[in-house]
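**Student:** My questions concern the predicted model and sequence given below.
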Amino acid sequence: MITIATVTVTVILLFGGEQIEAMSNIINNNFEAKEGLSGRDHIWVKTLDESTLLGHGSNYFLLKFGLGGHNTIIEVIGINGIIAGNLLIAFGIASFFYTYAYFKTYAKEDCAAIAPFLITVCFWFLSMAEAMFGSLGNAMTLAYMRSIGIVISKPLEGKM
């Protein structure tokens, strides 16, 4: 199922460039008067327009724009390609599902069972405005990965 979703999203991104550009123009018009994205939209649209299956390499954003991707998913698509971006999106969706299921399963036993879900929400919320992955990571990325590790180390089946 993940493979089908990955292939579908990849085909849409490769062949739907005009539709993505039209949608981005609508978004740009709404934010232009407010200066809401402060130039990020240009980086995002250009990266999606130039996206390839395997990406452009680790120095793509530095050479092309002089700064980062300002979005974790966009940065992964620009550096590592559409396939890696789709896998990251699938991982994000799965992490929401599993951290919520973990909370529902262990809420009565563990007073901090909601923490992995809250960390996941915070991580992905921050990821939409800033690239969260680095060579050593940052505190939010480390907390997110640690919480995912906690969630996958405890069984969910039979508990729900």
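**Tutor:** Arrived safely, thanks for sending.

**Student:** can you list the weak-confidence ranges in the chain?
**Tutor:** Applying pLDDT under 70 to the chain flags residues 16-17, 27-38, 135-137, 157-160.

**Student:** let's see 90
**Tutor:** Flagging of the chain using pLDDT under 90 yields the residue ranges 1-45, 57-59, 61-71, 110-111, 126-142, 152, 154-160.

**Student:** remind me, longest helix of it?
**Tutor:** As assigned by DSSP state H, the longest helix anywhere in the chain is helix 82-106.

**Student:** Summarise which helices and strands that helix is packed against.
**Tutor:** helix 2-15, helix 72-80, helix 115-127, helix 139-153 (3 or more C-beta pairs under 8 Å, 6 or more residues apart in numbering; DSSP states H and E). For glycine as for every other residue, the C-beta is placed from the backbone atoms N, C-alpha and C.

**Student:** So which residue is smack in the middle of the chain?
**Tutor:** Central residue of the chain (C-alpha atoms, centre = their mean): residue 73, 4.0 Å from the mean position.

**Student:** quick one: that one from residue 109, how far?
**Tutor:** 34 Å (C-beta to C-beta, to the nearest Å).

**Student:** Now residue 55: phi and psi?
**Tutor:** Dihedral angles of residue 55 (phi, psi; degrees, to the nearest 10) stand at phi 80, psi -180.

**Student:** got the contact list for the residue nearest to it when sequence neighbours are not counted?
**Tutor:** Of all residues not flanking residue 55 in the chain, residue 81 sits nearest, at 3.6 Å (C-beta to C-beta, 6 or more residues apart in numbering). Going by C-beta atoms under 8 Å, 6 or more residues apart in numbering, residue 81 touches 51-55.

**Student:** could you flag which of those residues are buried?
**Tutor:** Among the contacts of residue 81, the ones that count as buried by 16 or more other C-beta atoms under 10 Å are 51, 55.

**Student:** What is the most widely separated pair among the contacts of residue 81?
**Tutor:** Farthest-apart pair in the contacts of residue 81 is 51 and 54; separation 10.1 Å (C-beta to C-beta).

**Student:** need the helices and strands packed on helix 82-106 in JSON lines with distance to residue 62, can you?
**Tutor:** Formatted as JSON lines, the helices and strands packed on helix 82-106 follow (distance: least, C-beta to C-beta, whole Å):
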{"stretch": "helix 2-15", "distance to residue 62": "23"}
{"stretch": "helix 72-80", "distance to residue 62": "10"}
{"stretch": "helix 115-127", "distance to residue 62": "20"}
{"stretch": "helix 139-153", "distance to residue 62": "20"}
